[in-house]
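predicted model and sequence follow; I will ask about them next.
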Amino acid sequence: DTGVSQDPRHKITKRGQNVTFRCDPISEHNRLYWYRQTLGQGPEFLTYFQNEAQLEKSRLLSDRFSAERPKGSFSTLEIQRTEQGDSAMYLCASSRVGVAGVEQFFGPGTRLTVL
Amino acid sequence: EDQVTQSPEALRLQEGESSSLNCSYTVSGLRGLFWYRQDPGKGPEFLFTLYSAGEEKEKERLKATLTKKESFLHITAPKPEDSATYLCAVQASKNAGNMLTFGGGTRLMVKP
């Protein structure tokens, strides 16, 4: 399977705990994106990388969130001191770099539940 | 600020009953408009990219069209397996990173 993969698929944690999610993009894609989706809503942009550089962060990304993409391959998204409002589906997408509209391909997501 | 509004929020069709989903957008310089399909508990699956007004794309029972202010996803003779949430998203030319701004989606249910 050469698509985007995410791990874990589901995570249940208690408020105040730290969690980390992993995303493996399509191998030839330079760009990697993180989105968050709550029930009944469309995905919202959080941050993106081009190769290993994190180039933009949404104002949705509080100080408790941090993302990395070492060596421009897989990426991790860490949430520290989780809150109940962090419960959502966290989606990773990847794309190639282009000037015209370039499609992004999404992984299956990680469903986070904060108790 | 870029905005995408989809209507209706939910749509119930009988198998074979054709219909259209609407996506209205406001964006400062459209780089691309995208349609995705999302099944429950899964990530969005890419369907189409439209770049300029007047463009049309087709795939099986789906046809996407684009004007300067909205896009339509036409579903011809739908089958129960077409049941899913359909998401519309835009990329703005001002965003070097090509991040997507999504609408809230239309939840489609096709009854046999």
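Alright, I've got the coordinates. Not measured: the values here are computed from a predicted model.

surely A:L46 and A:F65 touch.
Yes. Contact criterion Cβ atoms under 8 Å: A:L46 and A:F65 qualify, at 7.2 Å. No exception for glycine: its C-beta is placed from N, CA and C like everyone else's.

and those two? which has more neighbours close in?
A:L46 (21 against 18; other Cβ atoms under 10 Å in any protein chain shown).

okay, the more buried one: pLDDT?
At A:L46, the pLDDT value in this model is 96.

let me see the contact set for the residue nearest to A:G16 when sequence neighbours are not counted.
Of all residues not flanking A:G16 in the chain, A:R81 sits nearest, at 5.6 Å (Cβ to Cβ, 6 or more residues apart in numbering or on different chains). Contacts for A:R81 were tallied using Cβ atoms under 8 Å, 6 or more residues apart in numbering or on different chains; they are A:G16, A:Q17, A:N18, A:R64.

go on, A:T2?
A:I26, A:S27.

make sure the residue nearest to A:G16 is indeed in a strand.
No. A:R81 sits outside any strand when classified using DSSP: H, G, I helix; E, B strand; the rest coil, being coil.

for it, give its distance to A:K14.
11 Å (Cβ to Cβ, to the nearest Å).

what about whichever helix or strand B:T49 is part of, near chain A?
In this structure, B:T49 sits in strand B:45-50 according to DSSP states H and E. Yes. Using Cβ under 8 Å from any Cβ of the partner chain, strand B:45-50 reaches chain A at B:E45, B:F46, B:T49.

just to revisit the earlier point, check the contact lists of A:L46 and A:F65 and give me the overlap.
With Cβ under 8 Å, 6+ apart, A:L46 and A:F65 have common neighbours A:L77.

before we move on, back to that, top of the residues of strand B:45-50 next to chain A by neighbour count?
Result: B:T49 is most packed of those (other Cβ under 10 Å), 19 neighbours.

residues contacting that one?
Neighbouring residues of B:T49 by Cβ under 8 Å, 6+ apart: A:G101, A:E103, B:G32, B:L33, B:F34, B:K57.

list the buried ones in the one helix or strand B:V4 maps to?
Element membership of B:V4 [criterion: DSSP H and E] is strand B:3-7. Within strand B:3-7, the residues scored as buried using 16 or more other Cβ atoms under 10 Å in any protein chain shown are B:V4, B:Q6.

same question for stretch B:92-106.
Neighbour-count burial for stretch B:92-106 [16+ other Cβ under 10 Å]: B:A92, B:N95, B:G97, B:N98, B:M99, B:L100, B:T101, B:F102, B:G103, B:G104, B:G105, B:T106.

can those residues go into CSV with extra columns for distance to chain A?
Below are the buried residues of stretch B:92-106 laid out as CSV (distance: Cβ to the nearest Cβ, whole Å):
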residue, distance to chain A
B:A92, 10
B:N95, 8
B:G97, 5
B:N98, 6
B:M99, 4
B:L100, 6
B:T101, 7
B:F102, 3
B:G103, 5
B:G104, 5
B:G105, 5
B:T106, 10
